[in-house]
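Participant: Fold the following, please.
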Amino acid sequence: MARPARSTSPPVTINADTVIANITPTLSVSALISSSSNGGTTGIDKIGNGILGLSGANTFGGGVNIEHGGIQIGASTNVTTVTGGIADVFASGPLGTGDFTVGAGTSLSSSGAFTVNNDYILGANDLNFKGTNNLTLNGATTLNAGETVVTVDAPQMTATLGGVISGIGASLRKEGLGVLSLTNNNLFDGNITLNAGTLILAGLNGASPSPFSGNVTINNGGLLSFQNNGTGSSGLITYSNGVILNSALSAANIFVGNLTANTGNTIELPSVTIAGGQILDVSSANSYQLRIDNIQDGVSGVPFINPGLGTTVLILTWTGDKPAKLPGAQGSVIFPDIIAINQSNILTTGTGALNGNGNGQQSINLSDTTAYPGGYYPLVVQKASPTPATTPAGFVSGGLNASFSSLGAAQSSLATSVAGIGFSGSGITVANINDGSDANRPRGHHWRFRQ
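Facilitator: Predicted coordinates for the structure are as follows:
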């Protein structure tokens, strides 16, 4: 048998003292491995501490059982697509066509950026990725009860778990400097702890992704990333996962953006728990912004939000001290007013604070870039809670729309038509402008509320 090929790329050195060595198989098999029937009874048991490299278009159906050492995957299955969250059927691949079992303390690596659609079984509560090449597992798996530790060693590597992950009483902990990406709507019922590296919570692309059902704790550093394409551009992508910052951290990091397509979407999180004095650094790409429904200040003191250049963070409500934008932050932090459909909402101007959330402005002054970053009035329209079982009388489906124009502060009367003057909208009550000549609006008005 020919000697295994060896990588010529150098090891990776991190912080001048940690070396992540390249993974070189002890034995590499590129020839086709099959069996007389290719049924589910003939497979491979990997024993010994070495690394076995498999790269053939193998057709055996009994699976691979990694008892010791590791497996290096050297090719993709002949089909690598996923439909409706389920890996599509394939006919061959480096691990054959059956399930593969990952034993305790064993490892997976890849000689290139490869994807396999095999389902896999965790023999214990760990899953270890080594090397610097990306690897995607599109098959389904079930976590064992308790905490499963997923380690991605090298920062150059992205390990993607693209299949459905189930598990009762099962949680997950991310370790290592590399990237772990969860790209399916998973069913395990526990929480996730991020200790190092990057954790991408993607889920299936859509308006309500569900990479898991619990909360995620940024425990010992690392980057928490919410990335999803949504259903298009400039829409809302709502996660159900709350974020908890370990109160011992001075700062934590969140990133929002897409996976492969679309721009301008808003990532919505139900809650972020942050202690007084802590800093939440937020960055973004592709014009995405972050919306936090509630900031929970678990420890007395003002928490700080530090949006990066071009990043916008909207905070709807908070418990405890009101969060503040970190001095010197280059992005925007906005506290919008909130109105709800099917109930009376009063926003006063002139004599009282405009914003019920405490912005403290006495009137709408869009040139005040502190109160209104970007030069617009922040307003969030929420659906009725609880949602009516039937559409209320007079309501039709649609959206709220409005346009504004301004006059001089001492404007008294309008005698001629002024381009752009006035207000148009739905479901709004307004006072008529002192326009005796009726130059700018009809005498009668009909307002229709659209839900």
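
Participant: for L199, helix, strand, or coil?
Facilitator: strand (DSSP: H, G, I helix; E, B strand; the rest coil).

Participant: Spatially, what comes nearest to it if we skip its sequence neighbours?
Facilitator: K174 (4.9 Å; CB to CB, 6 or more residues apart in numbering). The C-beta positions use only the backbone N, C-alpha and C, and glycine is treated the same way.

Participant: Let me see the contact set for the one you found.
Facilitator: 150-152, 180, 192-197, 199, 222 (CB atoms under 8 Å, 6 or more residues apart in numbering).

Participant: Likewise for A207?
Facilitator: By CB under 8 Å, 6+ apart, the neighbours of A207 are 230-231, 235-238.

Participant: Equivalent analysis for D189, please.
Facilitator: Contacts of D189 by CB under 8 Å, 6+ apart are 167-170, 213-214.

Participant: and the residue nearest to A196 when sequence neighbours are not counted, backbone torsions?
Facilitator: Closest residue to A196 apart from its sequence neighbours, by CB to CB, 6+ apart: G222 at 5.1 Å. Backbone torsions of G222, given as degrees, to the nearest 10, read phi 100, psi 170.

Participant: Correct me if wrong: G222 contacts I192.
Facilitator: No: between G222 and I192 there is no contact under CB atoms under 8 Å: 11.2 Å.

Participant: The nearest residue to I71 once chain neighbours are set aside: what secondary structure?
Facilitator: Using CB to CB, 6+ apart and skipping the chain neighbours, the partner closest in space to I71 is L52 (5.5 Å). Counting by three-state DSSP, the backbone at L52 sits in strand.

Participant: L52 and L27, how far apart?
Facilitator: According to CB to CB, to the nearest Å, L52 and L27 sit 6 Å apart.

Participant: Looking at those two, which is more packed in?
Facilitator: In terms of neighbours (other CB atoms under 10 Å), L52 is the more surrounded of L52 and L27; the figures are 19 against 14.

Participant: Give me the average confidence score over stretch 51-71.
Facilitator: For stretch 51-71, the mean per-residue pLDDT is 95.

Participant: pLDDT weak spots in the stretch 201-350 of the chain?
Facilitator: Per-residue confidence for the stretch 201-350 of the chain (pLDDT under 70) gives these ranges: 342, 344-350.

Participant: And the strands in it, which stretches?
Facilitator: With strands called from DSSP state E, counting those that start in this stretch, the stretch 201-350 of the chain shows them at 216-218, 223-227, 236-238, 243-245, 251-257, 266-269, 272-274, 279-284, 289-297, 304-307, 312-319, 324-325, 332-334, 337-340.

Participant: TSV please, covering those strands and showing mean neighbour count.
Facilitator: Formatted as TSV, the strands of the stretch 201-350 of the chain follow (neighbours: other CB atoms under 10 Å):
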stretch	mean neighbour count
strand 216-218	23
strand 223-227	22
strand 236-238	19
strand 243-245	22
strand 251-257	21
strand 266-269	21
strand 272-274	25
strand 279-284	21
strand 289-297	21
strand 304-307	22
strand 312-319	19
strand 324-325	16
strand 332-334	20
strand 337-340	16
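
Participant: Indicate which one of those is closest to V116.
Facilitator: strand 223-227 (22.2 Å; CB to CB).

Participant: just checking, what packs against the closest one?
Facilitator: When contacts are defined as 3 or more CB pairs under 8 Å, 6 or more residues apart in numbering; DSSP states H and E, strand 223-227 packs onto strand 198-201, strand 251-257.

Participant: Can you list the strands that the last one pairs with?
Facilitator: Looking back up the chat, that one is strand 251-257. Strand 251-257 sits in its sheet next to strand 223-227 (parallel), strand 279-284 (parallel), going by DSSP bridges.

Participant: Looking at the ones you listed, spot the one closest to V333.
Facilitator: strand 279-284 (9.0 Å).

Participant: In contact with I292, which residues?
Facilitator: With contacts defined as CB under 8 Å, 6+ apart, I292 is in contact with 268-269, 271-272, 313-316.

Participant: Tell me what it is bridged to.
Facilitator: L269, I315.

Participant: Tell me the spacing between it and G93.
Facilitator: From I292 to G93 the distance is 42 Å (CB to CB).

Participant: So G70 is in contact with G105, correct?
Facilitator: No: using CB under 8 Å, G70 is not in contact with G105, being 9.5 Å away.

Participant: shared neighbours, those two?
Facilitator: Common neighbours of G70 and G105 (CB under 8 Å, 6+ apart) are N128.

Participant: Settle it for me: which of these two has more neighbours?
Facilitator: G70 (25 against 15).

Participant: check contacts around the more buried one.
Facilitator: 23, 51-52, 106-109, 128, 130.

Participant: Ok, T238 next?
Facilitator: So T238 contacts 207-208, 268 (CB under 8 Å, 6+ apart).

Participant: again with S109
Facilitator: S109 neighbours (CB under 8 Å, 6+ apart): 23, 51, 70-73, 129-131, 133, 135.

Participant: burial count for the residue nearest to L201 when sequence neighbours are not counted?
Facilitator: In space, and not counting its chain neighbours, L201 is closest to P211: 4.4 Å by CB to CB, 6+ apart. P211 is flanked by 25 other residues according to other CB under 10 Å.

Participant: List the contacts of P211.
Facilitator: 182-186, 201-203, 239, 241 are the contacts of P211 under CB under 8 Å, 6+ apart.

Participant: Neighbour count and distance to K322 added to those residues, as CSV?
Facilitator: Below are these laid out as CSV (neighbours: other CB atoms under 10 Å; distance: CB to CB, whole Å):
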residue, neighbour count, distance to K322
L182, 22, 33
T183, 24, 36
N184, 24, 37
N185, 18, 34
N186, 25, 35
L201, 25, 27
A202, 21, 31
G203, 25, 31
Y239, 20, 23
N241, 21, 23
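
Participant: what about the stretch 351-451 of the chain, any weak spots by pLDDT?
Facilitator: 351-376, 383-451.

Participant: Identify the farthest-apart pair in the contacts of G70.
Facilitator: Spatial extent of the contacts of G70 (CB to CB) is set by the pair L52 and N128 at 15.1 Å.
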